[in-house]
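>>> Everything below, folded, please.
(one chain, ligands or ions: 1)
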Amino acid sequence: MSESFVGSRVRVIDSHTGGEPTRVVIEGAPDLGSGSMADRRIRFRDLFDSFRSAVVNEPRGSDVIVGALICEPVDPSCVAGVLFFNNVGPLWMCGHGTIGLGVTLGHLGRIGKGTHRFDTAVGPVTIDYDGANGVSFENVHSYRFAKNMSVDVEGLGMVVGDIAWGGNWFFLVDAASLPASRRRVTDGGATGTFGLGDIEELTDIAWRIRQALEQNGITGADGGEIDHIELFGLPGDPKNHSRNFVLCPGRAYDRSPCGTGTSAKLACLFEDGKLKPGDVWRQESILGSVFEGSVRVEGGKMIPRITGTAHITADATLILDPSDPFRMGIRSQHS
Ligand code: PYC
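I've put the predicted structure just below:
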């Protein structure tokens, strides 16, 4: 990492979206230069990984925090460019982070109630901000790449799921289809669905699936790594359609219903004819927080729309003290 960041101060605004934190870097980010947002993502990954770690990893952060670095957009119709990252590297897109960024820019007075666009590494996304805590965003085109893909998972046997793109690559599995040995997760036990008491079990299952996909060379389009695993169960609240558990690339689970994961789910429902334009899908997270999803079709392509709320939790300055042996964060063990 460039020496100019050592000892520098980084201003951040923290928020959470349905329980999942986002840390937006407001001042003190490295200059990623020009080029496409995808090129800048590569530059960020290759040249500024220590900065990423300093911002989101312990001791300042945790495995759960998703960072958002804002920069000049490439597309002039956008108010900001944004690169999302987590405990192990850059993400392609982040739905809960998009909602968090909208509320953060509103909190700062940089955007007002209305429609705005953000330039991301996978293309522009459009948000509708309600001027307080609510954001709806139209994601990039989302689609299912493979249906009923089987993978032999150590300790679980054959697991069947769909591969779908929602701005990140997902493997989506109906928890009820998992082996009976994981009964608590498959049928939800006494509560009827999985919950916070099942986190270790869910994490173990999802991580095994992720490793099996990798070992078997199963990818998304163009070899895209499937680094998000999404398990589905019955909703805890009958007003909702489904509950999910999403394991993110750095082995942390999403506390929110996951914006890109809900987009991937909408793609599967849409392609199965189970969700039509105008229908609303209420996706519940493992915490019970909810995103509302719907779809529209443009030029034959399905565009998901996700609605959620975020709340600001901190406005802070991170101090990268040159004498601190952990100033660049403690590297996650799950890269
Ligand atoms: O909301 O898309 C999302 C997301 C991805 C990783 C964590 N949250």
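>>> Could you list the single helix or strand in the chain with the lowest mean pLDDT?
Every helix and strand of the chain was ranked by mean pLDDT, DSSP states H and E. The lowest is helix 183-187, at a mean of 60.
>>> my read: residue 294 touches residue 305, true?
Yes. In terms of C-beta atoms under 8 Å, residue 294 counts as a neighbour of residue 305; the distance is 5.1 Å. The way it works is simple: take the backbone N, C-alpha and C, and place the C-beta from them, glycine included.
>>> On the three-state scheme, the residue nearest to residue 154 when sequence neighbours are not counted is what?
What sits nearest to residue 154 in space, not counting adjacent residues and going by C-beta to C-beta, 6 or more residues apart in numbering, is residue 208, at 5.9 Å. Assigned by DSSP: H, G, I helix; E, B strand; the rest coil, the conformation of residue 208 is helix.
>>> Can you give the strand pairings for the lengthiest strand in the chain, parallel or anti for each?
With secondary structure taken from DSSP state E, the chain has its longest strand at strand 301-319. Strand 301-319 sits in its sheet next to strand 9-17 (antiparallel), strand 134-138 (antiparallel), strand 290-298 (antiparallel), going by DSSP bridges.
>>> Buried residues in it, which are they?
Within strand 301-319, the residues scored as buried using 16 or more other C-beta atoms under 10 Å are 302-310, 312, 318.
>>> Let me see the mean pLDDT of it.
Strand 301-319 carries an average pLDDT of 98.
>>> For the ligand, tell me whether that strand is touching it.
No. If you take C-beta under 6 Å from any ligand atom as the test, strand 301-319 misses the ligand, and the best it gets is 8.4 Å.
>>> May I have that strand as PDB, with CA atoms only?
C-alpha atoms of strand 301-319 as PDB (Å, rounded to 0.1, in the frame of the first residue of the first chain):
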ATOM      1  CA  LYS A 301     -33.900  -8.600 -19.400                       C
ATOM      2  CA  MET A 302     -35.200  -8.900 -15.900                       C
ATOM      3  CA  ILE A 303     -34.300  -6.000 -13.600                       C
ATOM      4  CA  PRO A 304     -34.900  -6.500  -9.900                       C
ATOM      5  CA  ARG A 305     -36.000  -3.700  -7.500                       C
ATOM      6  CA  ILE A 306     -35.200  -4.000  -3.800                       C
ATOM      7  CA  THR A 307     -36.600  -1.900  -1.000                       C
ATOM      8  CA  GLY A 308     -35.100  -1.600   2.500                       C
ATOM      9  CA  THR A 309     -34.100   0.800   5.300                       C
ATOM     10  CA  ALA A 310     -30.800   1.800   6.800                       C
ATOM     11  CA  HIS A 311     -29.900   3.700   9.900                       C
ATOM     12  CA  ILE A 312     -26.800   5.700  10.600                       C
ATOM     13  CA  THR A 313     -24.800   4.300  13.600                       C
ATOM     14  CA  ALA A 314     -21.500   6.400  13.600                       C
ATOM     15  CA  ASP A 315     -19.700   9.300  12.100                       C
ATOM     16  CA  ALA A 316     -16.100   8.700  12.900                       C
ATOM     17  CA  THR A 317     -12.400   9.200  12.000                       C
ATOM     18  CA  LEU A 318     -10.300   6.100  11.800                       C
ATOM     19  CA  ILE A 319      -6.700   6.800  12.900                       C
END
